[in-house]
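A.B. asks: give me a model of this one.
(chains A and B)
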Amino acid sequence: MNDLSAAFTSAVALITNLDAELLAIIGLSLRVSLSAVALAALIGLPLGAAVALSSFPGRGVVVALLNALMGLPPVVVGLLIYLLLSRAGPLGEFGILFTPAAMVIAQTILVAPIIAALTRQVVFDLHAEYDEQLRSLQIGWWHALATLLWEGRYSLLTALLAGFGRASAEVGAVMIVGGNINHVTRVMTTTIALETSKGNLSLALGLGFVLIALIVAVNAAALALQKFAQRAHG
Amino acid sequence: MRWLIAIVVAAASLAGTASEDQRPVTLAATTSTDNSGFLNYKPPLLHAGTGIDVRVVVAGTGQAIRYAERGDADLLLVHHTASEEKFISDGHGVERYDLMYNDLVVVGPETDPAGVGGLQDATQALTEIAQKKILFTSRGDDSGTHKRGLALWRDANLDPAKNGSGWYREVGAGQGAALNIASSLGAYCLTDRATWLSFRNRGTLKLLVEGDRRLFNQYGLIAVNPAVHPHTKADAAQTIVHWLLSEAGQTAINGFRIGDEQAFHANAKPSS
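C.D. replies: A predicted model of the protein is given here:
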């Protein structure tokens, strides 16, 4: 109980003092995870919609695979990206191991299947609903894909938020490909792991509360934006 | 592969990657040197001494050496001389230098159920722990301290990894995590002194065994060989090596304290 109240106290102190170091760590966490979600959306939204609107042999397998990949273990993805980006690996010449870019790549791979799988479901359901209308308007495949993505935008926001939740909460991948370098690749989750290993348990948990507050804030902002847009569109 | 490279480039531009020339030196350093605050002391030790930007990637000795072998680090600061010498003889490093030392210690619960407190002989202490089957947490992560622990068990003619079931716990984690577990379980644990001094979750753990010659803990410094890894920042790495071995560098090492204890003792051989 003592530890927990100490953690609350340190969380409050962290938030009220917000020193430059913590702000930089929070900033990097947001930059990396939001970049990853943006890239993953570029891949996942069209991919999910395409799978929803296509019929081809083995489609069921692709859907099952897409759903299963939502559970990709971060530490495995981290290791895979590490081996690719390592100097001895195929993409070593880019020299981006232990940089934020490497962390963005790893998180993109973690998040893309989540966005793709959820998008597929949203677009699939919408398609069932609008099928006749789309047919009667003789809308082409690409046009239908874009239309359904647009129609589903409010539900798809939840898919993006699910992806953001995954990215901002994982530690396994960013630890391996980022290296947790002070002032360079140290994000909230790796800081928490580091402070835990130093035995600063209440500081670590305090940072954890700050991270949770951050995720809540991002979600609240997204929902407020959604409300605003819905109202504007009537 | 094409799309992968496209993503890499896109991500790199999004996150902003330094170009190759501006890339700072990457130092793969053992946990104890970083967790204790030694390398990221304010101002950061190496930058203050050399003006060079250094990125420190922290890992156990085994993993740090593998980073360097794959060309992912420019400099190596670790503490397992045999592994370091193998790294050199395999051609990955230019030269190995003694940099500094501290010592390993055995910590355990205050109540000291194995009765090892104050023993000078580390193997005798381990034998007592084994005979009484008191919990012992081993890192089991191929780190320098883990390897030293294994050597001590061998000296005691014991093989707990094989037949220590029940009391010998391989936690497969860094020093801090191993100490956290020891602290919760009331177990004994082998640790380097710097990590112990800076560890904040001691609970009932106490320093019990120290001073055995076999617990001497030498740190070695190696620059990665540019002949094998052409992209390495060889010049900057050499500058850092020279500075650390110089009188200024050695004085800075001796000046670092945790609380009021000196954490590392500089012992580079004066250059001839």
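A.B. asks: show me the shaky parts of chain B.
C.D. replies: B:1-22, B:271-272 (pLDDT under 70).
A.B. asks: the longest strand seen in it near chain A anywhere?
C.D. replies: If you go by DSSP state E, chain B has its longest strand at strand B:93-109. No. Strand B:93-109 does not reach chain A (Cβ under 8 Å from any Cβ of the partner chain); its nearest approach is 12.1 Å. (Glycine included, C-beta is placed from N, CA and C.)
A.B. asks: against which helices or strands is the worst-scoring helix or strand of chain A on mean pLDDT packed?
C.D. replies: Lowest mean confidence among the helices and strands of chain A (mean pLDDT, DSSP states H and E): helix A:2-17, at a mean of 84. Secondary-structure packing of helix A:2-17 (3 or more Cβ pairs under 8 Å, 6 or more residues apart in numbering or on different chains; DSSP states H and E): helix A:201-233.
A.B. asks: make it 10 Å
C.D. replies: helix A:20-53, helix A:201-233 (3 or more Cβ pairs under 10 Å, 6 or more residues apart in numbering or on different chains; DSSP states H and E).
A.B. asks: B:I222: what secondary structure?
C.D. replies: Look at B:I222: counting by DSSP: H, G, I helix; E, B strand; the rest coil, its state is strand.
A.B. asks: show me the beta-bridge partners of it.
C.D. replies: B:L76, B:R96 (DSSP bridges).
A.B. asks: what about it, distance to chain A?
C.D. replies: Counting by Cβ to the nearest Cβ, to the nearest Å, the separation of B:I222 from chain A is 16 Å.
A.B. asks: I'd say that residue and B:I240 touch.
C.D. replies: No. Using Cβ atoms under 10 Å, B:I222 makes no contact with B:I240, being 11.4 Å away.
A.B. asks: give me the common contacts of the two.
C.D. replies: Common contacts of B:I222 and B:I240 (Cβ atoms under 10 Å, 6 or more residues apart in numbering or on different chains): B:L75, B:L77.
A.B. asks: dump the residue contacts of residue 74.
C.D. replies: I went with chain A, as the question did not name one. A:106-107, A:109-110, A:166-167, A:169-176, A:189.
A.B. asks: wrong chain, I was asking about chain B
C.D. replies: B:23-28, B:54-55, B:68, B:223-224, B:226, B:229, B:231-234, B:236-238, B:240.
A.B. asks: among those, name the ones in helices.
C.D. replies: For those, the ones inside helices are B:A68, B:A234, B:A236, B:A237, B:Q238, B:I240, with DSSP state H as the criterion.
A.B. asks: which stretches of chain B form helices?
C.D. replies: Going by DSSP H, chain B shows helices at B:2-15, B:31-35, B:45-50, B:61-69, B:81-89, B:122-131, B:144-155, B:160-163, B:175-185, B:193-198, B:234-245, B:247-255.
A.B. asks: nearest to chain A, out of these?
C.D. replies: Closest to chain A of those, according to Cβ to the nearest Cβ: helix B:175-185, at 3.0 Å.
A.B. asks: now for B:G91, how many residues are close by?
C.D. replies: B:G91: 11 surrounding residues under other Cβ atoms under 10 Å in any protein chain shown.
A.B. asks: identify the residue nearest it in space, chain neighbours excluded?
C.D. replies: Leaving aside its chain neighbours, B:G91 sits nearest to B:V228 (5.5 Å; criterion: Cβ to Cβ, 6 or more residues apart in numbering or on different chains).
A.B. asks: buried ones among the ones in helices among the contacts of B:D74?
C.D. replies: B:A68, B:A234, B:A236, B:A237, B:I240 (16 or more other Cβ atoms under 10 Å in any protein chain shown).
A.B. asks: who are the contact partners of the first one?
C.D. replies: Pointing back at B:A68 there. Contacts of B:A68 (Cβ under 10 Å, 6+ apart): A:87, B:26-28, B:57, B:74-76, B:78, B:87, B:92-93, B:222-225, B:229, B:232.
A.B. asks: repeat for the fourth one
C.D. replies: Shown here is B:A237, whose contacts under the criterion Cβ under 10 Å, 6+ apart are B:25-27, B:52, B:54, B:73-76, B:94, B:221-224, B:226.
A.B. asks: so A:I81 is in which element?
C.D. replies: Per DSSP states H and E, A:I81 falls inside helix A:74-85.
A.B. asks: tilt between that helix and helix B:61-69?
C.D. replies: 30 degrees (axes from the mean of the first three to the mean of the last three Cα atoms, to 10 degrees).
A.B. asks: which positions within helix A:74-85 qualify as buried?
C.D. replies: Buried residues in helix A:74-85 (16+ other Cβ under 10 Å): A:P74, A:V77, A:G78, A:L79, A:L80, A:I81, A:Y82, A:L83, A:L84, A:L85.
A.B. asks: from the chain's centroid, how far away is that helix?
C.D. replies: Put simply, helix A:74-85 sits 17 Å off its chain's centre (Cα atoms, centre = their mean, to the nearest Å).
A.B. asks: report the buried residues of the next helix or strand after that helix.
C.D. replies: Note on helix A:74-85: by DSSP H and E, the next helix or strand toward the C-terminus is helix A:100-136. For helix A:100-136, a neighbour-count test (16+ other Cβ under 10 Å) marks A:100-124, A:126-127, A:130, A:134 as buried.
A.B. asks: excluding chain neighbours, what is closest to the residue in the stretch 1-150 of chain B positioned nearest to chain A?
C.D. replies: Residue nearest to chain A within the stretch 1-150 of chain B (Cβ to the nearest Cβ): B:G71, separated by 3.2 Å. Distances taken as Cβ to Cβ, 6+ apart place A:R87 nearest to B:G71, at 3.2 Å, with adjacent residues excluded.
A.B. asks: which residue is nearest the middle of chain B?
C.D. replies: B:T30 (2.9 Å; Cα atoms, centre = their mean).
A.B. asks: tell me the contacts of that residue?
C.D. replies: B:58-65, B:76-80, B:143-145, B:174-175, B:192, B:194-195, B:219-220.
A.B. asks: same thing but at 7 Å, please
C.D. replies: Taking Cβ atoms under 7 Å, 6 or more residues apart in numbering or on different chains as the contact definition, B:T30 lies against B:G60, B:T61, B:A64, B:L77, B:V78, B:H79, B:G144.
A.B. asks: isn't the third one up against B:H80?
C.D. replies: Meaning B:A64. No. B:A64 is beyond contact range of B:H80, at 9.7 Å (criterion: Cβ atoms under 7 Å).
A.B. asks: please report how far A:W141 lies from A:F56.
C.D. replies: 13 Å (Cβ to Cβ, to the nearest Å).
A.B. asks: please apply the same query to B:L205.
C.D. replies: Distance from B:L205 to A:F56, by Cβ to Cβ: 61 Å.
A.B. asks: can you pull the pLDDT of the residue sitting furthest away from the middle of chain A?
C.D. replies: Taking Cα atoms, centre = their mean, the residue of chain A most remote from its mean C-alpha position is A:S136, at 37.5 Å. Looking at A:S136, its pLDDT stands at 90.
A.B. asks: what residues are up against it?
C.D. replies: Taking Cβ under 7 Å, 6+ apart, one finds nothing in contact with A:S136.
A.B. asks: gap between it and A:T147?
C.D. replies: 13 Å.
A.B. asks: please apply the same query to A:L137.
C.D. replies: With Cβ to Cβ as the criterion, A:L137 and A:T147 are 9 Å apart.
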